[in-house]
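In: Provide a 3D model corresponding to the input given below.
(one chain, ligands or ions: 1)
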Amino acid sequence: MSPRQPLLSFEVNGRPVSLRTQPLRRLADVLREELGLIGTKVGCNAGDCGACTVLVDGAQHCACLVAVGQVAGRRVTTVEGLARGGVLNRLQLAFHRHGAAQCGICTPGMLMAASELLARNAKPDEAAVRDALGGVLCRCTGYRKIVEAVLAAADGVAQEADVTPAAGEAVGARLAKTDGIAKLTGEERYGDDVAPADALWLRAVRSPHGRARFSIGPLEPLQRRYPGLLRVLTAEDICGQNRFGIYPVNKDQPVLAEGVVRFRGEAVAALVGDGATIAQIADEEVPIRWEPEAPVIGIEAATAPGAPALHAGHPDNVLVHGLVRRGDTAAAFAEAAAVAEGRFETAFVEHAYIEPEAGYARRLRGTGGKDRIEIHTCTQSPYMGRDELALVLGLEPGQVRIVPTAVGGGFGGKLDISLQPLIATAAWLLDRPVRGVYTRPESMAATTKRHPATITARFACDAHGRLSAAEFHGDFNTGAYASWGPTVANRVPVHATGPYAVPAVKATTRAIYTNETPAGAFRGFGVPQAAIAHEALMDELALHLAMDPLDFRRLNALKTGSVTATGQKLAASAGLLACLDALAPKWRAARARAEAFNASGGVRRRGVGIACMWYGIGNTSLSNPSTMTVGIDREGRLTLYNGAVDIGQGSNTIMVQICADALGVAAGKFTLVAGDTDLTADAGKTSASRQTFVSGKAAQLAGEDLRRQILRLANVGPQAVIALEGATIVVSDGGVRRAIELAKLPLRANGDVLSGSGHFDPPTTPLDENGQGAPYASYAFAAQMAEAEVDVELGTVKVLRITAAHDVGRSINPTQVEGQIHGGIAQGLGLALMEEFIPGRNENLHDYLIPTIGDVPPIETILIEDAEPLGPFGAKGIGEPALIPTAPAILGAIHHASGVRIRRVPATPDRVRAALLAAGRGGAADAAGSTGGTRHD
Ligand code: FES
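Out: Below you'll find the model as predicted:
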């Protein structure tokens with residue numbers, strides 16, 4: 001605080017505040033950095049995401065766009081001002097009970113926007129809620145439960161009692177998030193909320209070129225000019241291996257580039273110093289001499305004859321091939337009654353989690369001369385990150401501790417390490433805490449995306465509609481570095497047929513290097529792109545045979561006992577038929593409604609589409625283990641040590657529900673230690689929809705293990721009832737009652753006296769040279785139906801309703817399962833209609849569009865519980881399955897409405913209009929009668 005700065009006085013949450021600061025500072029920064037009010041979250045610093053929404057004199061404002069000088073003499077209300085005396089207000093309670101906060105990073109902004117609404121309109125309708133909350137983006141929830149919560153708060157129904165399941169009744173209960181309260185009060189700490197006040201700041205300097213050679217000149221002059229600049233890291237400063245990547249054989253990405261950059265946004269240096277200095281230095285001041293070269297953009301250019309090889313060992317720029325082959329496709333196509341084929345294209349898609357990458361690192365003195373590095377960061381993969389950072393820092397894995405913060409959305413994008421090696425290297429070398437946070441443009445330019453795909457496929461069926469053959473080839477643009485390219489290339493061929501029995505299959509893929517943003521993991525690992533192709537072709541075949549699209553899918557659906565394209569016999573849970581049967585009456589009614597609507601003519605045409613999906617849970621043909629432990633200490637505290645990072649999907653709650661019922665103790669008795677690599681066992685990464693199935697099973701086994709030990713100590717039978725009563729466990733078995741005094745039991749290293757452990761690695765087999773084997777132990781199935789309206793003059797598409805039937809095995813927590821489905825559908829809607837990341841063009845959240853609260857229609861969810869025998873209490877996974885069928889269902893609805901099939905997504909108005917014009921259907925008269933027709937674009 002400088003005495004020369006003006007004194008500003010205003011009110012925050014009813015308290016007067018006076019401070020000396022620059023009047024032009026962002027209010028968000030002052031609230032967070034000066035006043036410690038970290039509940040105001042910064043997602044973009046540009047007024048696009050609304051996460052930092054606060055009230056100024058009762059009106060909504062993005063605190064990142066308000067200069068603190070503008071609030072002098074005014075009232076500011078932040079999320080910290082909502083609860084009174086530690087008691088949540090009715091709006092916060094409604095959010096809690098309706099599951100309206102998933103990751104929670106948007107929640108403060110949502111709460112403030114809703115508070116403003118309720119203050120001026122005590123009884124809003126849904127339209128008013130959507131209008132008032134329209135400036136705040138949420139990437140997790142699909143907004144539906146947020147709308148529900150605001151309406152419930154207005155109605156006063158939020159005053160209902162909490163769901164507090166009794167012992168043995170947690171699985172299946174709508175338990176509110178066990179870690180949910182902090183997300184509602186502003187106390188939750190994300191990656192940018194945890195650094196100590198004395199931490200140095202780090203900022204990366206990035207390439208403005210997609211492909212270039214470069215050299216860095218002497219750095220001393222820059223450091224002399226800026227005394228606050230303590231270090232400029234370059235590739236030479238990386239202590240260990242300057243390479244990282246997901247697979248041991250494909251670690252091809254440097255932490256800091258070495259003389260060559262392969263994509264725009266690649267880091268070449270990092271500035272470390274005090275925050276003001278780091279912010280002041282322009283990238284152009286760093287003495288870098290660039291020699292730009294023509295970048296290789298797109299799959300076609302990368303695979304053209306003579307294209308420059310971007311990586312040694314890959315002269316054709318093909319990173320990896322994938323293959324599944326079964327039966328004689330040539331013979332089957334020759335005998336087919338109908339064949340449908342097509343070429344499909346998808347774009348880069350940005351994860352657009354509202355929390356940019358952030359964290360801090362510090363070096364800790366160790367014993368025996370072995371110092372340690374501790375990294376607090378938002379991550380989906382603490383153990384994988386620990387091992388990567390050990391390699392980069394040249395340390396043993398045990399010298400690295402990852403302490404995950406709350407994660408403000410991930411969706412696959414926080415599986416790869418990002419700023420962690422930079423802040424860790426800086427902290428290690430300077431022996432000072434170092435923090436960093438990516439700007440929104442930096443986050444979008446530098447981190448992974450969904451793979452753009454070019455897919456050609458054809459399917460054949462007999463005269464009765466039974467599928468007989470499929471040929472599929474997918475090229476996936478993996479960008480400059482491998483990341484999860486091999487995973488996508490291997491997963492897609494397995495799923496290329498869709499969830500249908502096809503006796504003859506040839507499915508091939510390639511992951512291809514280009515000079516574009518690395519593509520990595522994003523909710524579905526290539527399966528959403530493949531589903532766009534196979535579902536369009538299912539529709540085409542049904543049309544050829546004049547069959548109903550739902551009936552066609554039902555005829556071919558995989559079911560228990562079916563053999564997949566990899567030769568795997570589905571031994572148990574495969575609930576697609578049940579999903580389709582649940583949709584069937586709604587489907588027929590919706591088709592009839594659309595046809596009735598269209599009969600009146602006009603440029604707005606309605607259609608209904610359907611799409612199915614299947615998804616192998618967990619890694620493809622790889623070991624996929626998880627370990628969980630649960631312990632009781634001498635005071636009777638029951639703790640689940642849960643290494644499965646909760647990125648908003650709710651695994652912290654799900655694991656407790658499962659473990660509680662396995663142990664036979666009420667869920668409310670549990671405390672949780674989550675994700676710290678020093679305190680929890682490795683539960684694997686939060687990806688591939690695996691945590692409920694794999695880690696949930698481990699949590700069940702841990703609970704059962706502890707229960708066995710307690711029953712053995714009490715010498716009672718398996719039906720005994722366990723009760724925790726302070727420092728005593730009371731075990732009752734019929735008329736027998738035994739007490740276990742915890743203080744008398746020997747103490748373990750972590751302070752517990754009893755401990756149960758569970759380990760689960762789903763049984764899979766490797767795929768052979770023809771892609772034959774059992775790549776997954778369990779598959780989720782789903783069918784979704786989309787109702788949409790197309791303006792055939794403008795090419796605009798409005799989705800009116802989605803009905804989603806999902807086989808989840810067992811719904812551990814219906815509120816959370818519904819939330820996952822809503823969120824997946826919103827992302828699928830974005831994939832279908834609006835999301836296309838173009839490197840260098842739309843690296844922000846006003847040019848890159850994601851669905852807002854106004855874009856997501858009502859969603860009806862139907863949960864099918866076809867129990868998976870391997871899963872915890874029968875559960876499978878839902879994270880990725882929720883997204884996969886949405887885009888093809890919407891594209892099917894567009895076709896049903898307008899008669900044109902869009903084969904390149906997103907189906908933006910210009911593309912839809914161009915397709916309509918190409919098909920001669922650009923007006924009401926042209927489109928009339930298209931519903932249910934057989935026209936093609
Ligand atoms: Fe809204 Fe995660 S809960 S962004």
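In: can you pull the pLDDT of the nearest residue to residue 212 once chain neighbours are set aside?
Out: In this structure, residue 212 finds its nearest non-sequential neighbour in residue 292, 4.5 Å apart by C-beta to C-beta, 6 or more residues apart in numbering. To be clear about C-beta, it is placed using only N, CA and C from the backbone, and glycine gets the same treatment. Listed pLDDT for residue 292 reads 98.
In: how many neighbours does residue 292 have?
Out: Residue 292: 14 surrounding residues under other C-beta atoms under 10 Å.
In: Can you say which helix or strand has residue 402 in it?
Out: Taking DSSP states H and E as the definition, one finds residue 402 inside strand 400-404.
In: partners of that strand in the sheet?
Out: strand 372-377 (parallel) (DSSP bridges).
In: Tell me, how many residues neighbour residue 654?
Out: Neighbours around residue 654, by other C-beta under 10 Å: 29.
In: From the ligand, how far off is it?
Out: As judged by C-beta to the nearest ligand atom, to the nearest Å, residue 654 and the ligand stand 16 Å apart.
In: That residue and residue 692 touch, don't they?
Out: Yes - Residue 654 is within contact range of residue 692, at 5.6 Å (criterion: C-beta atoms under 8 Å).
In: shared neighbours of the two, anything?
Out: residue 812 (C-beta atoms under 8 Å, 6 or more residues apart in numbering).
In: State the pLDDT value of the residue in the chain sticking out farthest from the centre.
Out: For the chain, the largest distance from the centre (C-alpha atoms, centre = their mean) belongs to residue 735, which lies 50.2 Å off. At residue 735, the model reports a pLDDT of 90.
In: Which phi and psi values does it adopt?
Out: Backbone torsions of residue 735, given as degrees, to the nearest 10, read phi -90, psi -10.
In: That one and the ligand, how far apart?
Out: 50 Å.
In: Over to residue 504?
Out: Distance of residue 504 to the ligand, given as C-beta to the nearest ligand atom: 43 Å.
In: what packs against the lengthiest helix in the chain?
Out: Identified as the longest helix of the chain according to DSSP state H is helix 576-598. For helix 576-598, the packing partners by 3 or more C-beta pairs under 8 Å, 6 or more residues apart in numbering; DSSP states H and E come out as helix 549-556, strand 604-616, strand 779-791, strand 797-807, strand 859-864, helix 886-898.
In: closest one to the ligand among these?
Out: Set against the ligand and scored by C-beta to the nearest ligand atom, these come closest in strand 859-864, at 15.8 Å.
In: Go through that closest one and flag the buried ones.
Out: Buried residues in strand 859-864, defined by neighbour count with 16 or more other C-beta atoms under 10 Å: 859, 861-864.
In: and if you look at stretch 75-85?
Out: 76-83.
In: Contacts for the strand holding residue 402, please.
Out: Residues contacting strand 400-404 (C-beta under 8 Å, 6+ apart): 372-379, 382-383, 385-387, 389-390, 393, 424, 645, 674-678.
In: just the CA coordinates of that strand, formatted as PDB?
Out: Output in PDB follows, covering the C-alpha atoms of strand 400-404 (Å, rounded to 0.1, in the frame of the first residue of the first chain):
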ATOM      1  CA  VAL A 400       7.200 -34.800  -5.300                       C
ATOM      2  CA  ARG A 401       4.000 -34.200  -3.600                       C
ATOM      3  CA  ILE A 402       0.900 -33.100  -5.500                       C
ATOM      4  CA  VAL A 403      -1.800 -31.500  -3.400                       C
ATOM      5  CA  PRO A 404      -4.900 -31.100  -5.600                       C
END
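In: what's the distance between that strand and the middle of its chain?
Out: 21 Å (C-alpha atoms, centre = their mean, to the nearest Å).
In: got the angle between the helix or strand following that strand and strand 372-377?
Out: Next helix or strand after strand 400-404 toward the C-terminus (DSSP H and E): helix 420-430. Comparing the axes of helix 420-430 and strand 372-377 via axes from the mean of the first three to the mean of the last three C-alpha atoms, to 10 degrees yields an angle of 140 degrees.
In: Any chance you could list what contacts helix 420-430?
Out: Helix 420-430 has contacts (C-beta under 8 Å, 6+ apart) with 200, 202, 204, 230-231, 233, 237-239, 244, 255-256, 267, 270, 272, 359-363, 371, 373, 375, 377, 379, 385, 388-389, 392-393, 400, 433-436.
In: what does the stretch 651-800 of the chain have sitting close to the ligand?
Out: By C-beta under 6 Å from any ligand atom, no residue of the stretch 651-800 of the chain approaches the ligand.
In: Let me see the ranges of the strands in the stretch 651-800 of the chain.
Out: 670-674, 721-725, 728-733, 736-741, 752-760, 779-791, 797-807 (DSSP state E, counting those that start in this stretch).
In: partner strands of the longest one, parallel or antiparallel?
Out: Partners of strand 779-791 in the sheet, by DSSP bridges, are strand 604-616 (antiparallel), strand 797-807 (antiparallel).
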